[in-house]
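[1] Sequence and computational prediction follow.
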Amino acid sequence: MSKIKIALIQMHIEEDKHKNLETANKFIKKVASEGCDLAILPEMFTTPYKTENFPLYAEFEGDKSFNTLSNMAKENSIYLVGGSIPEKDEKNLIYNTSYVFDRNGQKIAKHRKVHLFDIDVEDGQCFKESDTLTAGNKITVFDTEFGKIGLCICFDFRFPELGRLMAQMGAQIIIVPAAFNMTTGPAHWDLMFRSRAVDNQVYTVGCAPSRDVNGCYISYGNSIVVSPWGDIIYKMDEKEGYKIIELDLDYVKKIRKELPLMSARRLDLYELNEK
Ligand SMILES: NC(=O)CCC(=O)C(=O)O
């Protein structure tokens, strides 16, 4: 099967976790009824994006949000990339975690954000995830009936090494639940998704919350799909909504055949000895 229909769900996020789960559920039912194979939710979709909230909203794997996501996948018989939620472990450490479920509601992947979003831009966005979060330490690629898909979370995707490793691990699509902001979004969002797509000859997909100008963190929105040629296939605006897009994985093969970048690399010249 070379064609996969993915759905971007650019939802509005509120204080009430249960309301957010209901919103996600409503959208997932809709996109499934319209034939999507795999739905994607935004980063930290159960909570307004605020460091103080993460411990308050954190849940163990297997708790309510996890089970609700699993049921959504099963009831609608779709793959679900469950955005991300604050996850706590038995040591009370908190992670920014994305769970992926198959059509039977089985968890098939789990990514804990490996690069925490700590930035301080003069007259712009400041944020320090490391105030309350701990970084994960694994690279995530999962298998589907369509092929392999890479997964990382927002700031992770700024690091080209990660995208390259996912491509080397077989990813033909890289999915990124994200929440850029009004400082870095206009500057880097499209550029980042286009660069990673062209470098690795993969589809790149970013799914963000809708913009709430009164929120504690103003999401850029603009959920995006880029082809392995670097074309923006679709980009949303800032408002709440969803979009289903069909990706043709034969096109990845075609681009890789026409521009055989992987085999043309000069691995004899590249060695990063930074440690
Ligand atoms: N949630 C995030 O990781 C935000 C990343 C971001 O905005 C960036 O510029 O990078």
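    It's in. Keep in mind it's a predicted model, so treat the numbers as computed, not measured.

[2] For the closest residue to the ligand within the stretch 1-150 of the chain, which non-adjacent residue is spatially closest?
    Nearest to the ligand, among the residues of the stretch 1-150 of the chain, is Phe117, at 3.5 Å (C-beta to the nearest ligand atom). In short, each C-beta sits where N, CA and C put it, glycine included. The spatial neighbour of Phe117 that comes closest, neighbours along the chain excluded (C-beta to C-beta, 6 or more residues apart in numbering), is Phe155 at 4.1 Å.

[3] so where does Leu187 fall, helix or strand?
    Just so we're on the same page, residue 187 is Ala rather than Leu. helix 184-200 (DSSP states H and E).

[4] Which neighbouring elements make contact with that helix?
    For helix 184-200, the elements it packs on are helix 160-168, strand 173-177, strand 203-207, strand 224-226, strand 232-235, judged by 3 or more C-beta pairs under 8 Å, 6 or more residues apart in numbering; DSSP states H and E.

[5] Enumerate the helices of this protein by residue range, in sequence order.
    Along the chain, the segments classed as helices by DSSP state H run 17-33, 53-57, 64-76, 160-168, 184-200, 249-258, 261-264.

[6] Now render these as CSV, adding distance to Val100, mean neighbour count and mean pLDDT.
    Formatted as CSV, the helices of the chain follow (distance: least, C-beta to C-beta, whole Å; neighbours: other C-beta atoms under 10 Å; pLDDT from 0 to 100):
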stretch, distance to Val100, mean neighbour count, mean pLDDT
helix 17-33, 14, 18, 98
helix 53-57, 20, 17, 98
helix 64-76, 9, 19, 98
helix 160-168, 14, 18, 98
helix 184-200, 19, 19, 98
helix 249-258, 18, 15, 98
helix 261-264, 25, 10, 96
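
[7] got CSV for the ones you listed, with distance to the ligand too?
    Below are the helices of the chain laid out as CSV (distance: least, C-beta to the nearest ligand atom, whole Å):
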stretch, distance to the ligand
helix 17-33, 16
helix 53-57, 12
helix 64-76, 18
helix 160-168, 13
helix 184-200, 3
helix 249-258, 25
helix 261-264, 25
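
[8] among those helices, which is nearest Ala7?
    Across the helices of the chain, Ala7 has its closest neighbour in helix 17-33 (3.7 Å, C-beta to C-beta).

[9] so what secondary structure elements neighbour that closest one?
    Judged by 3+ C-beta pairs under 8 Å, 6+ apart, the packing partners of helix 17-33 are strand 3-10, strand 38-40, helix 64-76, strand 241-248.

[10] quick one: which of the helices and strands packed on helix 184-200 is nearest His18?
    Closest approach to His18 among the helices and strands packed on helix 184-200 is made by strand 173-177 (19.8 Å; C-beta to C-beta).
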